[in-house]
Every structure is written in structure tokens, then in C-alpha cells.
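> Here is my input; please provide its structure:
(chains A and B)
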Protein chains: 2
Amino acid sequence: MAEILDGKATAAGIRAEVAEGVAELVERGLRPRLDVVLVGDDPASATYVRMKERDCAEVGIDSRVHRLDAETPQGEISALVEESNADPGISGFFIQLPLPKGLDATPLVSAIDPSKDVDGLSPLSAGRLAVGLPSLLPCTPHGVIQLLRRSGVEMEGREAVVVGRSNLVGKPLAQLLLRENATVTVCHSRTRDLAAATRRAEILVVAAGRREFVGAEHVGEGAVVVDVGIHGREGGGLVGDVRFEEVEPISSMISPVPGGVGPMTRAMLLYNTLQAAQAQADGSSLG
Amino acid sequence: MAEILDGKATAAGIRAEVAEGVAELVERGLRPRLDVVLVGDDPASATYVRMKERDCAEVGIDSRVHRLDAETPQGEISALVEESNADPGISGFFIQLPLPKGLDATPLVSAIDPSKDVDGLSPLSAGRLAVGLPSLLPCTPHGVIQLLRRSGVEMEGREAVVVGRSNLVGKPLAQLLLRENATVTVCHSRTRDLAAATRRAEILVVAAGRREFVGAEHVGEGAVVVDVGIHGREGGGLVGDVRFEEVEPISSMISPVPGGVGPMTRAMLLYNTLQAAQAQADGSSLG
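Modelled structure (predicted):
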């Protein structure tokens, strides 16, 4: 029986820590504030934003949502980014992705001040991570690291394999695992023998974005398996990138879907907002 | 007998291509110009800078060296960076590293406009590479990729292993190999079983910065081996990170030291200067 990497409980612990940090800032008259730029009326995006507002409220972070029409011109969003960068009342902000057709996310995200880039997705934040400077870390890969660390998984010197190389997860996660002194392999759709590569993993993180893609044949005995995928299941419920029933008996630890990486991602956004507010309060640099 | 990855000949080819590109710009009245900021009187730095000036002259790139006293205050160098960013006559520039004690390279390098960052070492250039945006690439890792590509080495889907995780070589090289669709593993000083990891490599790049560190026990039959190390040898001459005599018989292709990566690094600086000048001429974006 594999031990379950309990993202729900771990995330609750992080939220409690964030709430404490927020309370200290509030005592100094500095309530952290997270702003969200929400463009258009994508229902999934609206749901995510509501969840994030609720999370903020729980830990005492102030939150504001800028709801913009799908037809909003690029320049107007760009101006909002500049205003948000300049506004000392805003600790951090992000643009809810994806944007409606006709809008180009890259220059908008690139313009976010790295000290307020709570999604950690701007090129400058990615570069600061790559070269080892302090920065706000992308929420999902940072959530994976925190889940491993807080579950007592030793990463130093171990063989870590990441499946997937997205800017959102795979690539920054490889950087973070390297920073934890793991030996890191990145596999992807062009990898010739995926199962051979993933079976070598002592720590296997699957962020392929493919439903129930990884099975018993991909996993070595005793591996720690983290499943980043989230897919709706026919008839309701959620599944990940890993065939849990198959992989659980082989692995030593495994994260479930739901209740694994998902809650961690949400918690790390709060963590980043606090970190940004603290750095601004103390005058330390995140970019 | 392994085939030799001939950096000297490949670099000569690149210089010839750069010279052609420069000539085209010169016909349009736009001679590319590379500026160097050289602080202090480190003899090795002075030698490198002289070599770079000579390389520029060979391909028709104008070059200027800003020689500053070791006691120059940080703010003065910072101002020079800003002037160089703003000067439309300068295609690209770099700060020769290391800087004398008392100076902090990080904020200076970070302030270089990515469209002029011909060393490709600023956090923003690193981040643009990480997220897949166009950027000037760091010279040594880009030189490795060009040496492999121009020697007919297929990278897609192959197992590539990088030994070393410096900001200068290992980490950006991993990004570039990933972009070539290799399956990429990064090993380093904390890797538990280095030989086991490196023996899996179909393409092995050694950038450990340790003299004659990698031997026969680290290399699988038929591997392509690239040696990024350069160390002076007692009694004169140069050696790399790889024990060439031992590894050559096992490998299918191998880069020598000298005559491997070294000339490629130098050629890629010229390549970057031309690329920066072309992008400025055409109004296309590198950052």
C-alpha cells in the first residue's frame, strides 16, 4: 500500500501559515491584496477566479477582480497591467488565462513586474528562477515541491523524472527539482522510450496533460509518484494523468486526483501573495 | 575510431556566414558593432577581449572596448550599461566577467537590454529561452548545439545527458537540447551514481569544470561526446573535462580540446552580434 501524498491536508497547513503571516502584516497596517484580471466570460475561468477569491478571504488576503469585456482592446489591458504594477496597494496580481481570441497574452504577462508576478509565469520570473535569483515561483511546480518536501520525500541526489515540458509546469519544475539537488530528466512527446526513462525515476512527476496516460509499465518499484493532471471523468468526478489503481500498488507514495496537486496549486497562489507583500513591506527584492 | 567533432572547421564556417551577413548590412550602411566593458586588469580577461576584437575584425564587425579602472564605482558601470542600451550605434555589448572584487555583476548584467545581450546571460534572456521566446542565446551552449547540428548529429528523441548545471553552460544547454526535442538529463556534483546516468547518454555533454573528470567508465558504447572543459596542462597545452584517450575509442563522435567547443563559443558571439544588428535593422524583437 502506497502512502498517499495528501495535498488537501498539506495545503491546509500552508493556508494556516499564510494566514499567520497575513495577520502579522495586518497588524502593521499592511493587508496583502491580490488582484485578478478576468477578461471575457469563459465559465471555467469564472469558476477558478471565484475559488481564488474564496481562498483569499479564508486567509485574510484582500482580493479584487477586474472584470473586462471579451472585446476589451489589448492596449486597455496593457494599461491596467501598468497601473497594477505602479499601485502600492496591490501586493500581487495575475491575468486569468486563457484570454479570449484576438488578445495576445505574452506581452501582457511579460509586462507584469516580477515582484508582483504571483503566477510566476513572466519570462523575467522564469529567468530569475533559471539563474537562481529570488523570484515568485509558478504555483503548480512549487506546489509539487512543497508537497514532496512536507511529506518527507528526500530529493537531494535522487533520480527525478518529469513527464511534460510546458512553461506552466514541466520546465519550471525541472528547475526546482534541480535546485533541490535531484538528478533531473525531462521527458516529453518526442521521447523515444518513455517507459524506460520513467521506470528509472525514484521521483516521477507526470504533467503530460493526457488522461490516465501513465500506467504500471512506466513506474519502477517503490517510486514516489506525483500526478499533476486533472481531467473530468465521464459520469462525473476527476482523474489525472496516472492510472491510479494500477500504479498505487507499485509506488511507495502517490498523489491522488483530486486531493493531490490541485489544492497545492491554489495554496501556493496565497503563499506567493503573502511573499510579495512581505518583500514589499521589507524592501527586499523579488525582481 | 571516433569521428572528431571539428569545432575549428565548424566555427570557420559560421564566421564565413556571419561575414556575409555583415557585408549585407554594411551595404545598407548599417555596420554591426560590438562593445565590450572591461573593468580592471585581469590578464586572462584582457587576452579574451583581444581575441574577441580580432574575431570581430575578421568578419567586419566594428568593436570598441571600454577599459575601466578596477576602482570604478558600480554606478558608473551601471550608467555605461544604460548608455549602451540606448545608443543605436551599438548592436550588442557585454561585460567581460569576472569583475574585480567589490563590484556586483548581477544587477549590471540584469540591466542589459535583451536585444543587445550578446552573451545571453541576463535573467531576462534566460527566461525568454526558458519560455520559448526569441532571444540571443548564451554562446557556449549554443556553440555546442551548432557543433552537433552541423556535424549531422540527430538530437530529436535521443537521450542527452549534461554534466554540470552552471548558468553559463549546463542549465541553458539543457533548455536548448530540450528545444531540439532530446530527452534531457542534468547531472551534477550531488548526483549519486554519475557513471550510471552518463552511460545512458546517446549524447553526452560534459561541462563539469573539472579537469579530466570523465573517463571510460562514464561513457556508453557509441555515444557522441562533447567536452566543454578547458584547463591548462602542466608543461603547456590544454585539456578538457574528458579523458580523451580513454573515451575516444568508445565514442562514435567526440570533440577535442582544444579545437572543439572553444572556437564555437567565440564564433557564436559574432553570430549573436550579427543577429542583434539584423533584428534592430528589421525591427523584429529579441526582447
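> Please count neighbours and contacts with C-alpha atoms only from this point.
OK.
> so how far is B:Gly143 from the residue in the stretch 101-250 of chain A positioned nearest to chain B?
Of all residues in the stretch 101-250 of chain A, A:Gly127 sits closest to chain B, at 3.4 Å by Cα to the nearest Cα. Distance, A:Gly127 to B:Gly143, by Cα to Cα, to the nearest Å: 20 Å.
> go on, A:Ala105?
From A:Ala105 over to B:Gly143 the distance is 32 Å, taken as Cα to Cα.
> Neighbour count: these two, which is higher?
Shown here are A:Ala105 and B:Gly143; by other Cα atoms under 10 Å in any protein chain shown, B:Gly143 has more neighbours (27 against 17).
> Quick check: closest non-adjacent residue to the more buried one.
B:Met264 (4.8 Å; Cα to Cα, 6 or more residues apart in numbering or on different chains).
> on that earlier part again, element containing the residue of the stretch 101-250 of chain A closest to chain B?
Taking DSSP states H and E as the criterion, A:Gly127 maps to helix A:123-131.
> counting contacts, what elements does the next helix or strand after that helix pack onto?
Sequence order places helix A:139-150 as the next helix or strand after helix A:123-131, per DSSP H and E. Helix A:139-150 sits against helix A:7-27, helix A:170-179, helix A:261-282, with contacts defined as 3 or more Cα pairs under 8 Å, 6 or more residues apart in numbering or on different chains; DSSP states H and E.
> and those as CSV, adding mean pLDDT and mean neighbour count?
Shown next, in CSV, are those (pLDDT from 0 to 100; neighbours: other Cα atoms under 10 Å in any protein chain shown):
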stretch, mean pLDDT, mean neighbour count
helix A:7-27, 98, 18
helix A:170-179, 98, 24
helix A:261-282, 97, 23
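> Throw those into CSV and include distance to B:Val242, thanks.
Listed next are the helices and strands packed on helix A:139-150 as CSV, based on distance: least, Cα to Cα, whole Å:
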stretch, distance to B:Val242
helix A:7-27, 44
helix A:170-179, 23
helix A:261-282, 41
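> Tell me which of those sits nearest to B:Val186.
Set against B:Val186 and scored by Cα to Cα, these come closest in helix A:170-179, at 8.0 Å.
> Is there proximity between that closest one and chain B?
Yes. Interface with chain B: helix A:170-179 contributes A:171, A:178 (Cα under 8 Å from any Cα of the partner chain).
> Need the contact partners of that helix.
Outside helix A:170-179, the residues that touch it by Cα atoms under 8 Å, 6 or more residues apart in numbering or on different chains are A:126, A:129-130, A:138, A:141-142, A:145, A:155, A:160, A:162-165, A:183-186, A:207, B:130, B:186.
> Which SSE is immediately downstream of that helix?
Using DSSP H and E, the next helix or strand after helix A:170-179 towards the C-terminus is strand A:183-187.
> Tell me how far whichever helix or strand comes after that next one lies from the chain's centre.
As assigned by DSSP H and E, the chain's next helix or strand after strand A:183-187 is helix A:194-199. Here helix A:194-199 is found 25 Å from its chain centre; the criterion is Cα atoms, centre = their mean, to the nearest Å.
> circling back to that earlier point, please name the residues that touch the residue nearest to B:Gly143.
Contacts here follow Cα under 8 Å, 6+ apart; on that basis B:Met264 touches B:7-8, B:10-11, B:139-140, B:143-144, B:146-147.
> if we go to 6 Å?
Residues near B:Met264 by Cα atoms under 6 Å, 6 or more residues apart in numbering or on different chains: B:7, B:11, B:143.
> do the same with A:Leu286
Here A:Leu286 is in contact with A:115, A:134-135 (Cα under 6 Å, 6+ apart).
> where's it, which helix or strand?
Going by DSSP H and E, A:Leu286 is not in any helix or strand.
> and it, what pLDDT?
A:Leu286 is assigned a predicted lDDT (pLDDT) of 87.
> List phi and psi for it.
For A:Leu286, the backbone dihedrals (degrees, to the nearest 10) come out as phi -120, psi 20.
> now do A:His66
Main-chain dihedrals, A:His66, degrees, to the nearest 10: phi -90, psi 100.
> Quick check: bridge partners of it?
Beta-bridge pairing of A:His66 under DSSP bridges involves A:Val37.
> thought it was touching A:Asp35?
No. Counting by Cα atoms under 6 Å, A:His66 stays clear of A:Asp35, with 7.4 Å between them.
> if we can go back for a sec, if burial is judged by neighbour count, which of the contacts of A:Leu286 pass?
The neighbour count (16 or more other Cα atoms under 10 Å in any protein chain shown) marks A:115, A:135 as buried among these.
> So A:His66 and A:Asp35 - more neighbours on which side?
Using other Cα under 10 Å, the more surrounded residue of A:His66 and A:Asp35 is A:Asp35, with 21 against 13.
> Now do the contacts for the more buried one.
Shown in contact with A:Asp35 (Cα under 6 Å, 6+ apart): A:63-65, A:93.
> Can you verify it is assigned to a strand?
Yes. Counting by DSSP: H, G, I helix; E, B strand; the rest coil, A:Asp35 is located in a strand.
> A:Met155 is in contact with A:Ala182, isn't it?
Yes. With contact defined as Cα under 6 Å, A:Met155 and A:Ala182 form a contacting pair (5.4 Å).
> between the two, who's got more neighbours?
Remark: of A:Met155 and A:Ala182, A:Ala182 carries more neighbours, 27 against 20, as counted by other Cα under 10 Å.
> Would you check that the more buried one makes contact with A:Glu154?
No. Between A:Ala182 and A:Glu154 there is no contact under Cα under 6 Å: 9.1 Å.
> quick one on the thing from earlier: run through who's touching the helix holding A:Gly127.
A:110, A:114, A:135, B:123-124, B:126-128, B:167.
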